[in-house]
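# sequence first, then the predicted structure:
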Amino acid sequence: MVQVAVLGAAGGIGQPLSLLIKLNPDVTVLNLYDLVRCPGVAADISHINTNSKVSSFQGSESLPACLKGCDIVVIPAGVPRKPGMTRDDLFSVNAGIVRDLIQAVADNCPEAQICIISNPVNSTVPIAAEVLKKNNVYNPKKLYGVSTLDLLRASRFVRDIRPEFDANTHIPVIGGHSGTTIVPIISAVQNQVSLSEQEIKAVTHRIQFGGDEVVQAKNGEGSATLSMAYAGYRFVASIIAGRLGNHATECCFIDLSVDPQGAELYRNAGASNLTYFSVPVTFGQNGIENILPISNFSSFELELISVAASAISENVQTGVNFVNK
Ligand SMILES: NC(=O)c1ccc[n+]([C@@H]2O[C@H](COP(=O)([O-])OP(=O)(O)OC[C@H]3O[C@@H](n4cnc5c(N)ncnc54)[C@H](O)[C@@H]3O)[C@@H](O)[C@H]2O)c1
Ligand SMILES: O=C(O)C[C@H](O)C(=O)O
């Protein structure tokens, strides 16, 4: 019995993501919200003969009804990049969208687990946290920036170099979700893949800038949508598994105060003053249970963490200031 809302459900990510969530037998209610095209998308998906009842909510006046009673809210609403743009260039439009949607979450389903896909994730997650804090309903165990696509890319791109590598193996990716803030921990699988130093550098760079490959290939028609829908679904499925008592682990961008002891390892690795970081976590019935350790970092990874940390710290401050100033 899980009730899920997708906000931005008629977009490039929203449509395939909603389709995948519709296939999950544990979801009983699936509420789709967007400013446009929502009735058509919802009517279409609603004919699939799985458990959930699908409803359409279009326009801001219908947002409260969409959110009432929701356990999980997934947010892919917002504009995507075009060639030549960074994710930070999306802030001017997406910051306000996320702020307003989270205000509605605070008003209507303050207990929900919130998954933020809208970029720039390094800033939109702190925006969401500040709005929830202002409403006295903030629970860091239930707010996540979705960085799962970086993990898919890490596994897949390593497989491109070593065809014998099982691409289902999770390679942790920590840090943030933009360029050099993305820190793949290839050393976690180095005993299986034995990459040369040059191969590690090349694959790390490809993972960090994998989003650009799609933006350039789409040539002005947006960014990753299909791989992101799969990534978003894997993340939502892990949360649902946790809710139902089957622990699941994923990396995601979170407020490290959720588990100060577990965060210590990452702080000591170079993220000393950071409040938010993407780290591996375990999901349980009430959201994040704990931050998981990574046994070792190579000296190259430690350098990447320190580069990531200073950029993330600025991105977080930009988000915090947007709500509080
Ligand atoms: N976290 C990640 O790994 C990741 C990956 C890919 C894309 N993204 C981000 O996801 C976002 C969406 O990308 P997309 O390709 O689906 O874009 P899109 O333009 O195809 O779809 C966005 C949808 O959001 C809707 N929308 C806009 N404002 C809204 C509001 N106030 N309320 C509800 N809906 C609203 C639009 O109507 C549209 O249907 C972008 O910001 C993109 O950068 C993140
Ligand atoms: O690259 C983008 O702008 C979209 C997304 O964050 C991605 O990593 O594909």
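Structure received. Keep in mind it's a predicted model, so treat the numbers as computed, not measured. Ligands and ions are numbered 1, 2, ... in the order given.
# three-state assignment of S223?
Assigned state for S223: coil (three-state reduction, DSSP: H, G, I helix; E, B strand; the rest coil).
# need the contact list for the residue in the stretch 201-325 of the chain positioned nearest to ligand 1.
Closest contact between the stretch 201-325 of the chain and ligand 1, by C-beta to the nearest ligand atom, is at M228 (3.9 Å). (Each C-beta comes from the backbone N, C-alpha and C, glycine too.) Contacts for M228 (C-beta atoms under 8 Å, 6 or more residues apart in numbering) come out as 13, 17, 76, 117, 149.
# before we move on, what about I13?
I13 sits next to 76, 117, 224-225, 228-229, 232 when contact means C-beta under 8 Å, 6+ apart.
# all helices for the stretch 101-250 of the chain, in order.
Applying DSSP state H, counting those that start in this stretch to the stretch 101-250 of the chain gives helices spanning 121-134, 148-161, 190-193, 197-208, 210-218, 226-243.
# any idea which of those is most buried?
Among these, the stretch with the highest mean neighbour count (mean count of other C-beta atoms under 10 Å) is helix 121-134, at a mean of 25.
# helices or strands up against that helix?
helix 91-108, strand 113-116, strand 143-145, strand 248-255, strand 276-284, helix 299-324 (3 or more C-beta pairs under 8 Å, 6 or more residues apart in numbering; DSSP states H and E).
# try it again with 6 Å
helix 91-108, strand 113-116, strand 143-145, strand 248-255, helix 299-324 (3 or more C-beta pairs under 6 Å, 6 or more residues apart in numbering; DSSP states H and E).
# so for the nearest residue to N168 once chain neighbours are set aside, what's the pLDDT?
Leaving aside its chain neighbours, N168 sits nearest to S155 (7.1 Å; criterion: C-beta to C-beta, 6 or more residues apart in numbering). pLDDT recorded at S155 is 98.
# start the count at 59, not 1, going forward
Renumbered: residue one is now 59, and that last one reads S213.
# tally up the residues packed near the residue nearest to S364 when sequence neighbours are not counted, please.
Spatially, and ignoring its direct neighbours in sequence, S364 is nearest to G328 (4.0 Å; C-beta to C-beta, 6+ apart). If you count neighbours by other C-beta atoms under 10 Å, G328 ends up with 19.
# okay, now the unreliable bits of the stretch 59-208 of the chain?
For the stretch 59-208 of the chain, no stretch has pLDDT under 70.
# and with 90 instead?
59 (pLDDT under 90).
# show me which residues of it sit near ligand 1.
65-66, 68-72, 91-94, 134-139, 148, 152, 155, 175-177, 179, 204, 207 (C-beta under 6 Å from any ligand atom).
# sorry, back to before: if I look at the residue nearest to N226, how far off is ligand 1?
According to C-beta to the nearest ligand atom, to the nearest Å, S213 stands 15 Å off from ligand 1.
# wait, isn't G233 in contact with A366?
Yes: in this structure G233 lies within contact range of A366 using C-beta atoms under 6 Å: 3.9 Å.
# neighbour count: these two, which is higher?
G233 (31 against 26).
# who touches that one in this structure?
Shown in contact with G233 (C-beta atoms under 6 Å, 6 or more residues apart in numbering): 239-241, 336, 366.
# likewise for V251?
216, 220, 223.
# state the pLDDT value of it.
pLDDT, V251: 97.
# look up the closest residue to it, ignoring the ones flanking it.
R220 (4.7 Å).
# over to A295?
A295 sits nearest to N82 (C-beta to C-beta, 6+ apart), 6.3 Å away.
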